[in-house]
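Undergrad: Take a look and give me a structure for this.
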Amino acid sequence: MRRGIRFAIDYGDARIGLARSDEEAIIALPVETVPNGERLFTDIAALIPVDCLEIYVGLPINLLGKSTPATLKAVAFANALAEHVSSPVRVLDERLTTAIASSQLREVGLNSKQSKSFIDQQAAVEILEYALNVERNTGQIPGLTLAEWSAAND
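TA: Sure thing, here's the model as predicted:
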């Protein structure tokens, strides 16, 4: 397993959740939820260290494995983000991460209104934990580069 910090992003029309790993890539931690607005890329770039190994953007693929309008928004976001950061941006299937995150927050006693500010961060944590597990178990860098995604979906 490569040492180094990784980030994950749960993109949404209103809010974007961010998570990061520790240097040893053992644990994923929530970072922040930022509003989706005109300062979005400046806000995100300020949180990502220059030596970050990868940034994973979750792709909301449907349960049949097909792209949706939300998938295309996430890819457009990932492409724009890549122009504002020095780290490689990869896309990663995020099916059910928001549902898992909601369930976990309910388990600790937060209802949907109380968890609204945490749900996007927790979804990003789920994306990152998945990425870390894939790399730990296979030795492969998870997800696709933006060029690989584009070539596979033209």
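
Undergrad: Which residue ranges of the protein form strands?
TA: Ranges of strands in the chain, per DSSP state E, are 6-10, 15-21, 28-35, 54-59, 89-93, 144-145.

Undergrad: Do you know the pLDDT at the closest residue to residue 45 other than its chain neighbours?
TA: Closest residue in space to residue 45, ignoring its immediate chain neighbours: residue 84 at 4.9 Å, by CB to CB, 6 or more residues apart in numbering. Bear in mind the C-beta positions are built from the backbone N, C-alpha and C, glycine included. Residue 84 carries a pLDDT value of 96.

Undergrad: try residue 118
TA: 77.

Undergrad: Next one: it relative to residue 31, how far apart?
TA: To residue 31, residue 118 is 12 Å away according to CB to CB, to the nearest Å.

Undergrad: okay, and for this protein, where does confidence drop off?
TA: Regions of the chain meeting the criterion pLDDT under 70 cover residues 96-117.

Undergrad: buried stuff in stretch 147-154?
TA: Buried residues in stretch 147-154, counted by 16 or more other CB atoms under 10 Å: residue 149.

Undergrad: for stretch 11-18, same thing?
TA: Those buried within stretch 11-18 under the rule 16+ other CB under 10 Å are 11, 12, 15, 16, 17, 18.

Undergrad: Tabulate these (CSV), appending distance to residue 125.
TA: What follows is these, written out as CSV (distance: CB to CB, whole Å):
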residue, distance to residue 125
11, 15
12, 15
15, 15
16, 13
17, 8
18, 9
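
Undergrad: which ones are touching the residue nearest to residue 121 when sequence neighbours are not counted?
TA: Leaving aside its sequence neighbours, residue 121 sits nearest to residue 30 (CB to CB, 6+ apart; 3.6 Å). Residue 30 makes contact with 17, 18, 19, 118, 121, 122, 124, 125 under the criterion CB atoms under 8 Å, 6 or more residues apart in numbering.
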